[in-house]
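> Structure of the sequence below:
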Amino acid sequence: DDVLSLGLAMAYFGDTARTAIPGLEQSERTFEINYRAPINGWLTLSPDVQFVVDPYGNPDLANDVILYVRSEVTL
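As a prediction, this is how the structure comes out:
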């Protein structure tokens, strides 16, 4: 019942935004890996890692790594 998932999200900034904000990149990209593991009949844990390239379209910002764990409890 375990599930491994991979994802890619891209946010594109239009010409108007890039004209108004000099130096704005064309896009922000997020790569994600998630694992869903049922622990027992009532608890499931899903650790998740996201890697964000050019956050907010700003090349001056460092790339981000986001780590979290989601829990599902069935009562």
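
> In PDB, list the C-alpha atoms belonging to the lowest-mean-pLDDT helix or strand in the chain.
Ranked by mean pLDDT, DSSP states H and E, the weakest helix or strand in the chain is helix 15-20, scoring a mean of 90. Provided in PDB are the C-alpha atoms of helix 15-20 (Å, rounded to 0.1, in the frame of the first residue of the first chain):
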ATOM      1  CA  ASP A  15       5.900  39.700 -20.300                       C
ATOM      2  CA  THR A  16       4.100  42.400 -18.300                       C
ATOM      3  CA  ALA A  17       5.500  41.200 -15.000                       C
ATOM      4  CA  ARG A  18       9.000  40.800 -16.400                       C
ATOM      5  CA  THR A  19       8.900  44.300 -17.900                       C
ATOM      6  CA  ALA A  20       7.700  45.700 -14.500                       C
END
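
> so how far is it from its chain's centroid?
24 Å (C-alpha atoms, centre = their mean, to the nearest Å).

> Which positions within the very next helix or strand once past it qualify as buried?
Next helix or strand after helix 15-20 toward the C-terminus (DSSP states H and E): strand 27-38. Neighbour-count burial for strand 27-38, counted by 16 or more other C-beta atoms under 10 Å, picks out 28-30, 34, 36. Every C-beta, even on glycine, is put in place using the N, C-alpha and C of the backbone.
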